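A.B. asks: Quick one: sequence plus predicted model below, questions after.
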Amino acid sequence: MTGNYAAAYAVRDAEPDVISAYPITPQTPVIEKIADFIDGGELNAKFVRVESEHSAMAALIGAAGVGARTYTATSSQGLFYMYEVIWWASGARLPIVMGVVMRALGPPWSIWSEHTDFYALRDSGWNMLMASSAQEVYDFTLLSYRVAEDTSVLLPTVVGWDAFEVSHTYEPVELVEKSKVKGFLPAKGSWKPPLDAQDPASLGNLAYPEEYIRIRHEMRKATERALGVIEAALKHFSIVSGRQYSFFECRHCEDADTIFVVQGSIYGEVLKAVEELRSEGVKTGVMKLWLYRPFPYKAVSRALEGAKRVVVLARSSVFGSFSPLGADVSSAINLSSGDQKVFDVVLGVGGVDVKSSDIVSIYRMVASGGERTFWWVR
């Protein structure tokens, strides 16, 4: 199945109560398939049709506010139209789950892959996972409900995957048995929603400074707890599914002088380049980072500590600064007093293909002492 259908099947298996979304390329098949499940009786959920992405998230805030399990999906400009209420969802501590099919932002118009929309959520208080395959889309969507609804976390969670390269590409996907999914996910009603008809209250009032900073501090502590919750959930899911997950996957990193750090579907081409370079006797490795928020600083720094160079490959348009991924990796190294040289490379924006030959060429540049931060434009 496609990555989009993998998300829809995961939502079906998680059995949410309320779905609300607005169509946008290349996300639309996710919600179409979920609507098919509802129409065919495979999913007992209310589908709320709305006039915009902003209204879709607002509808889910209302539903989650009274304890419903919810889902939405969007992309690019749609995510930015939703952006205001995304912050209300996290500030209200609502465990909403969302899929973002990552697509370049305008202008000019582009429907192809880029990660800039995804990274724009980095300070919003949402937990953030990125998939590189349809299988990971399915698995991480299920995982998101487990994490978001944990009573020590109660923060919304987003899964991102690449436009077309994952969203519309067919590949084998192994589903988890329904009985095992139920055993893995929290029971519905296991967390206390902020609104209750028997005890009327309102949500989203004005907070004075002393209240506001306390609320934000509580969110910060929840994200710190989320790291341990995610780690435990990943281990449990590995037992349930037979697929091994942690915060990241590191291939050939143990003895590598140069390690590439990537997210998303370009991982396959990077791994191919690493294996080609190793066949030449060049010690390279690649880290595919699954978890982006909360960022696993200590685990990343430990995995990278033996390298001389760390090359961050960021599929996001950035101007006048390091990429978001590059900045976080650099911080991880600095926090551990590491002395690796960090190279921040922007590539593949607007859907430009990334090939293994590009990665080999980038390695040659950084190995010869080239620029520390640059765009790779063929």
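C.D. replies: Noted; the coordinates are in hand. Numbers count the residues shown, from 1 in each chain.
A.B. asks: Give me the neighbour count for the nearest residue to residue 92 once chain neighbours are set aside.
C.D. replies: Leaving out its chain neighbours, the residue that sits closest to residue 92 by Cβ to Cβ, 6 or more residues apart in numbering is residue 203, at 5.7 Å. In this view, the C-beta of every residue, glycine as well, is placed from N, C-alpha and C. The local packing of residue 203 (other Cβ atoms under 10 Å) involves 15 other residues.
A.B. asks: and what of residue 106?
C.D. replies: Neighbours of residue 106 (other Cβ under 10 Å): 11.
A.B. asks: Please tell me the pLDDT value assigned to it.
C.D. replies: The model reports residue 106 with a pLDDT of 95.
A.B. asks: Residue 241 too?
C.D. replies: So residue 241 comes in at 96 (pLDDT).
A.B. asks: Check residue 343 too.
C.D. replies: Model confidence at residue 343, given as pLDDT, is 97.
A.B. asks: Likewise for the one 5 residues further on?
C.D. replies: Looking at residue 348, its pLDDT reads 97.
A.B. asks: roughly how far apart are it and residue 354?
C.D. replies: Per Cβ to Cβ, to the nearest Å, residue 348 is found 4 Å from residue 354.
A.B. asks: Name the residues contacting each of these two.
C.D. replies: In terms of Cβ atoms under 8 Å, 6 or more residues apart in numbering, residue 348 and residue 354 are both contacted by the residues 266, 313, 315.
A.B. asks: how about a markdown table for those residues, with secondary structure added?
C.D. replies: A markdown table is the format used below for these (DSSP: H, G, I helix; E, B strand; the rest coil):
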| residue | secondary structure |
| --- | --- |
| 266 | coil |
| 313 | strand |
| 315 | coil |
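A.B. asks: which of the residues you listed are buried?
C.D. replies: 266, 313, 315 (16 or more other Cβ atoms under 10 Å).
A.B. asks: Which residues are in contact with the second one?
C.D. replies: Going back to what we said before, that points to residue 313. Contacts of residue 313 by Cβ under 8 Å, 6+ apart are 260-262, 266, 270, 345, 347-348, 354, 359, 362.
A.B. asks: who wins for neighbours among those?
C.D. replies: Neighbour counts for those, by other Cβ under 10 Å, peak at residue 260, which reaches 30 neighbours.
A.B. asks: sec struct for that residue, please.
C.D. replies: Taking three-state DSSP, the label given to residue 260 is strand.
A.B. asks: and what of residue 306?
C.D. replies: Residue 306 ends up coil, using three-state DSSP.
A.B. asks: Report the contact partners of it.
C.D. replies: Here residue 306 is in contact with 253-256 (Cβ under 8 Å, 6+ apart).
A.B. asks: Then residue 206?
C.D. replies: With Cβ under 8 Å, 6+ apart, residue 206 has no contacts at all.
A.B. asks: Could you do residue 81 as well?
C.D. replies: 52-54.
A.B. asks: my guess is it is in a helix, correct?
C.D. replies: Yes. Assessed with three-state DSSP, residue 81 lies in a helix.
A.B. asks: which phi and psi does the most centrally placed residue in the chain have?
C.D. replies: Computing the C-alpha centroid of the chain and ranking residues by Cα atoms, centre = their mean puts residue 129 first, at 2.6 Å. Main-chain torsions, residue 129, degrees, to the nearest 10: phi -120, psi 150.
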